[in-house]
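Chemist: Structure of the sequence below:
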Amino acid sequence: MGLAGVFGTNVRRRRLDRGITLEALAHDVGLSYSYVGELERGRRNPTLKVIERIARALEVDALVLLQEEVSQS
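Modeler: Sure, this is the predicted structure:
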């Protein structure tokens, strides 16, 4: 999975963990919900500003959203 996919997966997971709808997150960061949905599906490449805004809205460090989760076997 590429970096856009990792980012999208992490955004979706954090958003759902916090009980935030896609529409609410999009509103909080000033983006359309369709764009945020495409980000979550790894179909768009966000700018650094967008990454920062989403991280702030999800109350996580931006680097967390870019890190691939390591599975523990």
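Chemist: OK, contacts around the most centrally placed residue in the chain?
Modeler: Geometric centre of the chain, nearest residue: residue 11, 2.6 Å, by CA atoms, centre = their mean. Going by CB atoms under 8 Å, 6 or more residues apart in numbering, residue 11 touches 25, 36, 39-40, 54, 58, 65. Backbone N, C-alpha and C define where each C-beta goes, glycine included.
Chemist: Endpoint to endpoint, stretch 29-38 covers what distance?
Modeler: Length of stretch 29-38, first residue to last, CA to CA, to the nearest Å: 15 Å.
Chemist: Can you point out the buried residues in it?
Modeler: 29, 31, 36-38 (16 or more other CB atoms under 10 Å).
Chemist: Check stretch 60-69 too.
Modeler: For stretch 60-69, by 16+ other CB under 10 Å, it's 60, 65.
Chemist: any idea of the mean pLDDT in that stretch?
Modeler: Average pLDDT, stretch 60-69: 94.
Chemist: Equivalent analysis for stretch 25-33, please.
Modeler: For stretch 25-33, the per-residue pLDDT values average out at 97.
Chemist: Please apply the same query to stretch 37-49.
Modeler: On average, stretch 37-49 scores 96.
Chemist: returning to what we had before: what about the contacts of residue 11, which are in helices?
Modeler: Using DSSP state H, the members of the contacts of residue 11 that fall in helices are 25, 36, 39-40, 54, 58, 65.
Chemist: hmm, back to that, looking at the buried residues of stretch 29-38, which one is closest to residue 4?
Modeler: Nearest to residue 4 among the buried residues of stretch 29-38 is residue 38, at 9.6 Å by CB to CB.
Chemist: so the closest one makes contact with residue 44?
Modeler: Yes. Between residue 38 and residue 44 there is a contact under CB atoms under 8 Å: 4.3 Å.
Chemist: which stretches of the chain form helices?
Modeler: Counting by DSSP H, the helices of the chain are 3-17, 22-29, 33-40, 48-58, 62-66.
Chemist: Just the CA coordinates for the longest one, please, in PDB.
Modeler: By that I understand helix 3-17. Extracted as PDB, the C-alpha positions of helix 3-17 are listed here (Å, rounded to 0.1, in the frame of the first residue of the first chain):
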ATOM      1  CA  LEU A   3       1.600   6.400   1.400                       C
ATOM      2  CA  ALA A   4      -1.800   7.800   0.200                       C
ATOM      3  CA  GLY A   5      -3.400   4.500   1.200                       C
ATOM      4  CA  VAL A   6      -1.700   4.400   4.600                       C
ATOM      5  CA  PHE A   7      -2.800   8.000   5.300                       C
ATOM      6  CA  GLY A   8      -6.400   7.300   4.200                       C
ATOM      7  CA  THR A   9      -6.600   4.100   6.300                       C
ATOM      8  CA  ASN A  10      -5.200   6.000   9.400                       C
ATOM      9  CA  VAL A  11      -7.600   8.900   8.900                       C
ATOM     10  CA  ARG A  12     -10.600   6.600   8.600                       C
ATOM     11  CA  ARG A  13      -9.600   4.500  11.600                       C
ATOM     12  CA  ARG A  14      -9.000   7.600  13.800                       C
ATOM     13  CA  ARG A  15     -12.200   9.300  12.700                       C
ATOM     14  CA  LEU A  16     -14.300   6.200  13.400                       C
ATOM     15  CA  ASP A  17     -12.500   5.700  16.800                       C
END
